[in-house]
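Visitor: Here is the input, now give the coordinates:
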Amino acid sequence: MDILAVLAVLLLLLAYASLSSARSYFARGRLAGLEEATREIIRGIRSHYEVAGELPPDAIVKAIEGVKAIAQHGSPEQSIKRYHAKLWNFGDAVGHACWRKGYEACRQRMLPRPDRLRLDVTLEDLLDIASLAHLGFKKMMPNDRGIETARFGGEDHAWGASRAVERLELAIPEAQRPPGHATARQALIRNWWRALEKKSA
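Guide: Take a look at the predicted model:
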């Protein structure tokens, strides 16, 4: 009876050792597969975040070094968990670098040529500028008789149109910018509505 008990214990120990060995072998194979897949991913994704003539971003360099420097001490399961954490850092760094590269490429493509300017104006400002430009064009024609008139709807409307024109003027390089226009417009607005206030008072 004692011999049967000893044999049973030995069989259990053998089964446990076999399972443990198989589990460790599987984990080591999984870790080796992770390492190989990571090498291929790094090789394949490099063209998406690298910029010609520039070094790779520091975050990616550190993330790759972290992935490569994982010491396989202790159990393979713990190494796999550490590997996952490093891969998350690598993925985050690559995502940020790819976004940055795409943003810079888009910005360069959207920038105007060196001899052009690009402005952001609201629809209201654009309408004011178009009206002022049309009226100014008519006033500069030699056959202008001043029949058609256009007036601001009030002081706020005048200030808004003045600011819209000033935004256009500020986009002109300072050497070519017409001097004193903004100050003259502001003086016209102040003098007219100040005179109205005095009459009404």
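
Visitor: gap between the residue nearest to the spatial centre of the chain and Thr183?
Guide: Here the mean C-alpha position of the chain is nearest to the C-alpha of Tyr103 (CA atoms, centre = their mean), at a distance of 5.5 Å. Using CB to CB, to the nearest Å, Tyr103 is found at 39 Å from Thr183. Every residue, glycine included, has its C-beta placed from N, CA and C.

Visitor: What of Glu155?
Guide: Distance from Glu155 to Thr183, by CB to CB: 17 Å.

Visitor: between those two, who's got more neighbours?
Guide: The neighbour comparison of Glu155 against Thr183 (other CB atoms under 10 Å) goes to Glu155, with 15 against 9.

Visitor: Give me the below-cutoff pLDDT ranges for the chain.
Guide: By pLDDT under 70, the low-scoring segments of the chain are 1, 4-11, 13-25, 27, 70-76, 142-149, 201.

Visitor: Mind splitting it into its structural domains?
Guide: Here the domain parsing of the chain from automatic domain parsing is 2-110, 123-200.

Visitor: which one of those lies closest to Arg116?
Guide: Of all the domains of the chain, domain 123-200 sits nearest to Arg116, with 10.6 Å by CB to CB.

Visitor: can you tell me the distance between the two ends of the closest one?
Guide: Terminal residues of domain 123-200 are spaced 34 Å apart (CA to CA, to the nearest Å).

Visitor: ditto for stretch 48-59
Guide: 15 Å.

Visitor: hey, where'd the helices end up in the chain?
Guide: 2-49, 58-68, 76-110, 123-140, 155-171, 181-200 (DSSP state H).

Visitor: mind checking how far the fourth one is from the chain centre?
Guide: This points to helix 123-140. Distance of helix 123-140 from the chain centroid (CA atoms, centre = their mean, to the nearest Å) equals 35 Å.

Visitor: For that helix, name the packing helices and strands.
Guide: Here helix 123-140 touches helix 155-171, going by 3 or more CB pairs under 8 Å, 6 or more residues apart in numbering; DSSP states H and E.

Visitor: Could you check the angle the helix it packs on makes with helix 123-140?
Guide: Relative orientation of helix 155-171 versus helix 123-140 (axes from the mean of the first three to the mean of the last three CA atoms, to 10 degrees): 80 degrees.

Visitor: Now tell me what touches helix 155-171 from outside.
Guide: Residues from elsewhere that reach helix 155-171, judged by CB atoms under 8 Å, 6 or more residues apart in numbering: 117, 119, 121, 124-126, 128-129, 131-132, 152, 177-178, 181-182, 185-186, 189, 193.

Visitor: what's the answer for stretch 97-116, then?
Guide: Under the criterion CB under 8 Å, 6+ apart, residues His48, Tyr49, Val51, Pro56, Pro57, Ala59, Ile60, Arg118 lie in contact with stretch 97-116.
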